[in-house]
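>>> Any chance you could fold what I've pasted below:
(2 chains)
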Amino acid sequence: MERVVVLGGGISKFARQRLDGSPVDWIVEASMRALEDAGVDISAIDHSVVAYESEILARQVTMGQVVQDVLGLTPKPSIRVEAGGGTGGAALRTAYAYIRSGLCNSMLVVGADAVGRQVPASTVREVYALSGDVDFEMAAGGFFTAYYALMMDAHMRQYGTTKEQLARVSVKNHRNAISNPFACMPMAITIEDVLDSPVVVSPYRKFDCAILADGAAALVLATERWAREHSLAWKKRPHVYFIGSGSATERVRLGDRPQPYPGYAHFRAKQEAAKMAYKMADIKNPVAELDVAEVADTFTGVELQSYEALGFCDPGQSGPLLEEGVFDLGGDLPVNTSGGMIGQGAPPGGVGIAQGVEILSQLRGERPSTVQVKNARKGLMDIHGGTSSYAVVSIFSQED
Amino acid sequence: MVKVERKLEEIMVESPDGIGASDDEWAAFRRIEVIDFPLTFDFRHSLGKLSRFFLELENQRLMGTCCPVCHSIWLPPRTLCPDHHAVNDWVELGGQGVLEAFSISSYALGADSADESVVLAYVKLHGAKTALLQQLRNVPRDKQIEPGMPVKVVWSKIDVQHPMQLFWFEPDI
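The predicted model follows:
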C-alpha cells in the first residue's frame, strides 16, 4: 500500500461575518489556494470529501454535490462527512482511508460552515443542542456551553485547576492568532482581561470561548506516486506524510458515562483515538516525539482536558504544565500556533481541516518566525464532536 | 421599479483578506445583495420507543429501564443495555437522589424565564446506574450548590409545553 502525502493547504478567511459569499464560495477560495500550494491542476484530482456540520446553518442540503459542481469536478466522485465539531477531522480520516484503499489516488479535502453573524447566535445554540441528546437533555434546557462548563467545574473540583490557568489558554491562543492572517480574533490580552470579561456559564467567560465564525479550509492529499506525477511543488517542498489516524466514540450524555473514568471531567473517546493514532505512527512519548499540535479548544478548559486525554500529561497536570510554558512557543510542545478555535475561529467543518493546513505549514517551516516551531518534524491534530462523543486524532510527519 | 420584499441591503464588500481591488481576483464579484431568509420548521415528533418515560411523567412516575443480564438501572432509560446489548425492561424509581455535577447559566434552552439564572444538574436517583440532567430550582440563598447534595423530584402543578417540563429537582432539605 502506498503512503499518503499531504501536498497542499489553503484557508478562506475565518471571520465573525462574511457577507461576501456563501460556504460554497469560501470552499472554492480555500480549494484554489490549496491546489496552488500543492502545485496541482484541479482537473487531475480524482475525488473530493466535503465536510460541513449542518444543513440548517449552511442553508444548503447536499453541499458536497454543489461544491463538486461549482468547482467543475463533475463527474468525479465526492463524499460528504459529518461529525459535529469533529467534521473536519472525519474528512481527513476519510481521505486517508479512500486513498489507502485504492478507491482514489488523490483527494481534495474541503470543509466549511456558516455559524457567523448571518445566523442568530440563539439559532446556532439550538442547532448545536440538536447534536446532543434531544428528547431528554435539550428538552430540559441543556445546551453545549452548559455541558462543557459542567465538565470543567468537575475538573476544577477534582484537580484544583484554576480560572487563571483557563485564562492562560485564552491569552496564548489569541496571541498566536496575531501571526495568522486568516484568524478572526487576533488579540494581545492579559489574564486579567480574560478574568474581567463577562461570565457566560461559570467557569467560562467571554474570552474562554471559541468564536462562532464563517470560513473554509482545504487540503490536497494523494499517494506518493500520484504526487510525483502531478505536483509541480513535489521536488521543491519538504515532503509531509499522513502517518497516523485514530478515531473513537463515547456515550452522548455525560451522565451515562462510566465513573470514575471518564466521569464528568475527562474525554475518554479522545484518549482512545490518540492511542490508536500513536500506535499507527509509532509514537510512545507524545510530548517528546511531537513538535507541534493543534488541539481542540472549544473552550479554554477543553484544551487543558484534551492535553490529558492526548497523553501529554497525567490527569490534573494540564494546568500546572501550561503555567510552566510547556505548550507555549518555545516550550516542549507548542499548541495551537494557528490561534486555535479561540483565536482563529470555529466554523465546525473548516476547523479540523484548518488544523491540517497549520500543521502542514509548520512541518514545512513556512509559518512566520513569530509562531514557527524550529525543526518541526511531527505534528498532531485533535478535534472532536459533541462533548468528545466523537474524536479524531491525526498525525503528519515531515521526512526529508 | 418593482420592490423585492426580502431585500435587506445591497453593499460593496472588500476582500476579506484585505487585498486591494486592483489585485483582487474576485473584484467583479464584490457587489453583494443580502436578503431576509426565513426558515421555520414545525414537526410532528414521535418520542419513540422511550415514550413510556414521558407518558408516565404525567402520572408523576419516573421510569428507568433495567438490563435483564446485569440488572443495571438506566435513567435516562435506554432501549438496549449498552454493556450487554440486551433489550431492557421498564422499572420505576423513587424521587430522591444525589447531585453529581452542575452548571449555572444566565440562559438556557427551553427555560421558562431568562430573568434568573438556570441551574442544570446531573442527578443520580437512588437505585440508578446513570445520572439524569434536569433543572435544579428553588435553592435557598444561603445554600451552596455542590456535588453530593441530596435532591428530590418536584412535580409541576401547572400545564407545560414539553413532558420534560413536568418535573425538576430541588434540594432535599
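>>> Walk me through the domains of chain B.
B:1-40, B:48-60+B:94-171 (automatic domain parsing).
>>> Might you calculate how far the first one sits from the centre of the chain?
Domain B:1-40 has its C-alpha centroid displaced from the chain centroid by 36 Å (Cα atoms, centre = their mean, to the nearest Å).
>>> so how many other residues sit close to B:E170?
15 (other Cβ atoms under 10 Å in any protein chain shown). Placement of C-beta: from N, CA and C, glycine included.
>>> Please identify the helix or strand for it.
Assigned by DSSP states H and E, B:E170 falls within strand B:167-171.
>>> buried sites along that strand?
Using 16 or more other Cβ atoms under 10 Å in any protein chain shown as the burial criterion, the residues of strand B:167-171 that qualify are B:167-169, B:171.
>>> which other residues reach that strand?
With contacts defined as Cβ atoms under 8 Å, 6 or more residues apart in numbering or on different chains, strand B:167-171 is touched by B:57, B:60, B:62, B:97, B:99, B:121, B:123, B:134-140, B:143, B:149-156.
>>> just the CA coordinates of the helix or strand containing A:N173, formatted as CSV?
According to DSSP H and E, A:N173 maps onto helix A:163-177. The C-alpha coordinates for helix A:163-177 follow below in CSV (Å, rounded to 0.1, in the frame of the first residue of the first chain):
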residue,chain,number,x,y,z
LYS,A,163,-9.6,30.0,36.4
GLU,A,164,-6.2,31.7,35.9
GLN,A,165,-5.0,28.6,34.2
LEU,A,166,-8.0,28.7,31.9
ALA,A,167,-7.3,32.3,31.1
ARG,A,168,-3.7,31.5,30.2
VAL,A,169,-5.0,29.3,27.3
SER,A,170,-7.0,32.2,26.0
VAL,A,171,-4.1,34.6,26.2
LYS,A,172,-1.8,32.1,24.4
ASN,A,173,-4.3,31.3,21.6
HIS,A,174,-5.4,34.9,21.0
ARG,A,175,-1.7,35.9,20.9
ASN,A,176,-0.8,33.1,18.4
ALA,A,177,-3.6,34.3,16.2
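>>> right, and the helix or strand after it?
Tracing the chain C-terminally past helix A:163-177 and defining elements by DSSP H and E, one meets helix A:191-196 next.
>>> pLDDT (mean, whole number) over that next one?
For helix A:191-196, mean pLDDT rounds to 98.
>>> Inside strands: which ones of the contacts of strand B:167-171?
Assigned to strands by DSSP state E, the following of the contacts of strand B:167-171 qualify: B:62, B:97, B:99, B:121, B:123, B:134-136, B:150-155.
>>> Could you dump those residues into a markdown table with pLDDT and neighbour count added?
Putting these into a markdown table (pLDDT from 0 to 100; neighbours: other Cβ atoms under 10 Å in any protein chain shown) gives the following:
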| residue | pLDDT | neighbour count |
| --- | --- | --- |
| B:L62 | 98 | 20 |
| B:G97 | 98 | 26 |
| B:L99 | 98 | 22 |
| B:A121 | 98 | 28 |
| B:V123 | 98 | 25 |
| B:Q134 | 98 | 24 |
| B:Q135 | 96 | 21 |
| B:L136 | 97 | 21 |
| B:P150 | 98 | 13 |
| B:V151 | 98 | 24 |
| B:K152 | 98 | 15 |
| B:V153 | 98 | 22 |
| B:V154 | 98 | 14 |
| B:W155 | 98 | 12 |
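>>> Would you map the helices across chain B?
B:51-57 (DSSP state H).
>>> Quick one: low-confidence residue ranges for it.
Along chain B, the model assigns pLDDT under 70 to residues B:108-115.
>>> Please repeat the previous calculation with a cut-off of 90.
B:39-41, B:105-117, B:173 (pLDDT under 90).
>>> Just the CA coordinates for stretch B:7-23, please, in CSV.
The C-alpha trace of stretch B:7-23 is given here as CSV (Å, rounded to 0.1, in the frame of the first residue of the first chain):
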residue,chain,number,x,y,z
LYS,B,7,-34.1,42.5,0.2
LEU,B,8,-32.2,43.9,3.2
GLU,B,9,-29.3,45.7,1.6
GLU,B,10,-27.1,46.0,-1.4
ILE,B,11,-23.5,46.5,-0.4
MET,B,12,-20.0,46.6,-1.9
VAL,B,13,-17.7,44.4,0.2
GLU,B,14,-13.9,44.3,0.3
SER,B,15,-11.7,41.3,0.0
PRO,B,16,-11.8,39.6,3.4
ASP,B,17,-8.0,39.2,3.2
GLY,B,18,-7.5,43.0,2.7
ILE,B,19,-6.4,42.6,-0.9
GLY,B,20,-6.8,45.9,-2.9
ALA,B,21,-9.3,46.0,-5.7
SER,B,22,-6.6,46.1,-8.4
ASP,B,23,-5.1,42.8,-7.2
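>>> Helix or strand for the residue nearest the centre of chain A, just tell me which one.
Nearest to the geometric centre of chain A sits A:G352, at 3.1 Å (Cα atoms, centre = their mean). Here A:G352 sits within helix A:348-364, counting by DSSP H and E.
>>> is that helix anywhere near chain B?
No. Counting by Cβ under 8 Å from any Cβ of the partner chain, chain B is not contacted by helix A:348-364; separation bottoms out at 13.6 Å.
>>> Report the inter-axis angle for that helix versus helix A:163-177.
With axes from the mean of the first three to the mean of the last three Cα atoms, to 10 degrees defining the directions, helix A:348-364 sits at 70 degrees from helix A:163-177.
>>> name the helices or strands packed onto the helix or strand just after helix A:348-364?
With elements assigned by DSSP H and E, the helix or strand that comes after helix A:348-364 is strand A:378-385. With contacts taken as 3 or more Cβ pairs under 8 Å, 6 or more residues apart in numbering or on different chains; DSSP states H and E, strand A:378-385 sits against helix A:87-101, helix A:268-281, strand A:292-294, helix A:348-364, strand A:390-398.
>>> does the last one come close to chain B?
No. Taking Cβ under 8 Å from any Cβ as the criterion, strand A:390-398 and chain B are apart, separated by no less than 15.9 Å.
>>> same for that strand, what does it pack against?
Using 3+ Cβ pairs under 8 Å, 6+ apart: strand A:390-398 touches helix A:87-101, strand A:240-249, helix A:268-281, helix A:348-364, strand A:378-385.
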